[in-house]
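Chemist: Generate a structure from the sequence data that follows.
(one chain, ligands or ions: 2)
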Amino acid sequence: MIIVMAPHATPEQIADVEQRIQEWGYGVHPIYGAERTVIGAVGVPDADKAAYQEQLESLDCVERVIPILRPYKFVSREYHPQGTIVRVGDAEIGGDEIVVMAGPCTVESYEKTLDTARAVKAAGARVLRGGAFKPCTSPYSFQGLGMEGLRILQAVSRETGLPVITEVMDPRAVETVCEHAHILQIGTRNMQNYDLLREVGRARTPVLLKRGMWARIEEWLQAAEYVMLGGNHSVLLCERGIRTFETYTRNTLDLSAVPAAKELSHLPVVVDPSQGTGHRHLVGPMTRAAVACGADALLIEVHPHPDRAIKDGAQTVNHEAFRQLMAECRAIAAAVGRQIRPPE
Ligand code: PEP
Ligand code: MN
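Modeler: Ligands and ions are numbered 1, 2, ... in the order given. Below you'll find the model as predicted:
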């Protein structure tokens, strides 16, 4: 359950409530806001809850108690009805602006990454994407530049002022990736890697959690709960396509998951139309559709010469196509009451 304290509740009263729920066996997860404190209480069997709720509601310092019956609590919309805003650099993800993150699938060199970073920034992107550690189905494919890739991303970020998002695959690498990047990406293959989720939950760097290609929406939200339970409340949910019987597309981009996740959760929702389709000619239409259906951010693969990209070239757009796509998306964003950063 979630206990919303009255605005006039004193620190002593808050401590008293925390002590009561702790004694009942709950895990206590308070958020001390500027106006009021909200306490998340988790982990007690449903059967015992009614009496505890009644006792708390009788206290003058408690405004209301919200029982949450879903298998995720902190992730649920009830916990934070107004919607969460995740701040990255000077970008706010989850507000009126649709934040665009763009860049190569994998970092190849400093020069190419800088070239793309400048191009996507000029076109309106706010965050640079790029993989240093690449999860690969085949152990024989290129696995990413690793540490060198992280150093390139950091250097390009400093040069351009763009924050960077990159994937972390190994719980032991979380600290290092946090030192080089501004958003930690959890890839589709790792959505249920619970040790990794717990580790990024201990970090205070925002996390972008890709939906597992096999995962139901509820499982995806439960994975996000692992991160939030660790105390990291800056979580972005990313729809990147799921496996269906269709083989024409690489994945089936499930855009209905966008409004669904936004209804169930307060977390911002990101769409990745690149992994979501696998084909460059489908990236534009699906990006426009993502803007129309309520995405808070976009994650798009861009490369100076997609035909020569080491990874995912078929689903990658070039600099000019990206610039044009941003212009089209701005018109759609305006029609649904949102904005995308203007070109420089
Ligand atoms: C990627 O963003 O390049 C990537 C590997 O994503 P996913 O985990 O969605 O396949
Ligand atoms: Mn990719």
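Chemist: was I right about Arg151 contacting Val177?
Modeler: No: between Arg151 and Val177 there is no contact under C-beta atoms under 8 Å: 11.8 Å. C-betas here are computed from N, CA, C, even on glycine.
Chemist: Who has more neighbours out of the two?
Modeler: It is Val177, of Arg151 and Val177, that has more neighbours when counted by other C-beta atoms under 10 Å, with 23 against 15.
Chemist: Against Lys121, how distant is the more buried one?
Modeler: Computed as C-beta to C-beta, to the nearest Å, the Val177 to Lys121 distance reads 22 Å.
Chemist: Close to ligand 2: what parts of this protein are there?
Modeler: Where the chain comes near ligand 2, counting by C-beta under 5 Å from the ion, the residues are 105, 312.
Chemist: By mean pLDDT, which helix or strand of the chain comes out lowest?
Modeler: Within the chain, no helix or strand scores below strand 27-32, which has a mean of 86 by mean pLDDT, DSSP states H and E.
Chemist: Quick check: buried residues in that one?
Modeler: Neighbour counts over strand 27-32 (16 or more other C-beta atoms under 10 Å) mark 28-30 as buried.
Chemist: Nearest to ligand 2 among those residues?
Modeler: Closest approach to ligand 2 among the buried residues of strand 27-32 (C-beta to the ion): His29, at 34.5 Å.
Chemist: Spatially, what comes nearest to the closest one if we skip its sequence neighbours?
Modeler: The shortest distance from His29 to any non-neighbouring residue, by C-beta to C-beta, 6 or more residues apart in numbering, is to Gly40 (3.8 Å).
Chemist: Residues of this protein that sit close to ligand 1?
Modeler: Residues of the chain lying close to ligand 1 (C-beta under 6 Å from any ligand atom) are 105, 131, 135, 187-188, 210, 240, 275.
Chemist: Now, those residues that are in strands?
Modeler: Of the residues of the chain next to ligand 1, the ones assigned to strands by DSSP state E are Lys210.
Chemist: Can you check the pLDDT for Thr249?
Modeler: We have a pLDDT of 98 for Thr249.
Chemist: re the thing from before, any idea how far the least confident helix or strand of the chain is from the chain center?
Modeler: 22 Å (C-alpha atoms, centre = their mean, to the nearest Å).
Chemist: Same question for stretch 109-123.
Modeler: The chain centroid and the centroid of stretch 109-123 are separated by 23 Å under C-alpha atoms, centre = their mean.
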